[in-house]
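K.L.:
With the input below, show me the fold.
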Amino acid sequence: MLLRIGKEKKMNKFLKKDIKIYIRKVSKLIKADFSIKRIVLKDLKNNIKEYYLDNNNITIQDIYERFGSPKEISLTFEKIPSEELIKKAKLYKTIFISCVIFLCVSIYILITIYLNSIDKIIIRG
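P.N.:
Numbering: from 1, shown residues only. As a prediction, this is how the structure comes out:
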């Protein structure tokens, strides 16, 4: 991703709304796991943003011409499974599972410490 200092432009609210609708349509048409779909949509949003920053006064029609219709995007995605997307999805899944395991172990340790401290209070008391 390129760092753009001082080139941020405000997108008008109508174009922003049209782009949200466009992204939603793409999302509904892509048949993939949630993690892969999320990566594809994030990349698409970033590409649209870059296109907006590089061009002046674009419309939703320009986006359709540049990136294709939501149906075209979903068909292209279905024809060419990207190994990079699959690797990213597996990485996200591994990170998520690791976080859940860490959280469970932490909760178990905290509960054990708490119960031991209660036992000590009862024995002393």
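K.L.:
I'd like to know how many residues surround residue 73.
P.N.:
19 (other C-beta atoms under 10 Å). Bear in mind the C-beta positions are built from the backbone N, C-alpha and C, glycine included.
K.L.:
Next up, identify which helix or strand it is on.
P.N.:
helix 70-79 (DSSP states H and E).
K.L.:
helices or strands up against that helix?
P.N.:
With contacts taken as 3 or more C-beta pairs under 8 Å, 6 or more residues apart in numbering; DSSP states H and E, helix 70-79 sits against helix 13-29.
K.L.:
Determine how far the helix holding residue 73 lies from the middle of the whole chain.
P.N.:
19 Å (C-alpha atoms, centre = their mean, to the nearest Å).
K.L.:
Output that helix in CSV with nothing but the alpha carbons.
P.N.:
The C-alpha trace of helix 70-79 is given here as CSV (Å, rounded to 0.1, in the frame of the first residue of the first chain):
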residue,chain,number,x,y,z
PRO,A,70,-20.1,-7.3,-9.3
LYS,A,71,-21.1,-10.3,-11.4
GLU,A,72,-17.9,-10.1,-13.5
ILE,A,73,-15.7,-9.8,-10.4
SER,A,74,-17.4,-12.8,-8.8
LEU,A,75,-17.0,-14.9,-12.0
THR,A,76,-13.3,-13.9,-12.3
PHE,A,77,-12.7,-14.8,-8.7
GLU,A,78,-14.4,-18.2,-9.1
LYS,A,79,-12.3,-19.1,-12.2
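K.L.:
The helix or strand of the chain with the lowest mean pLDDT: what's the following helix or strand?
P.N.:
Least confident helix or strand of the chain, by mean pLDDT, DSSP states H and E, is helix 70-79 with a mean of 79. Sequence order places helix 83-124 as the next helix or strand after helix 70-79, per DSSP H and E.
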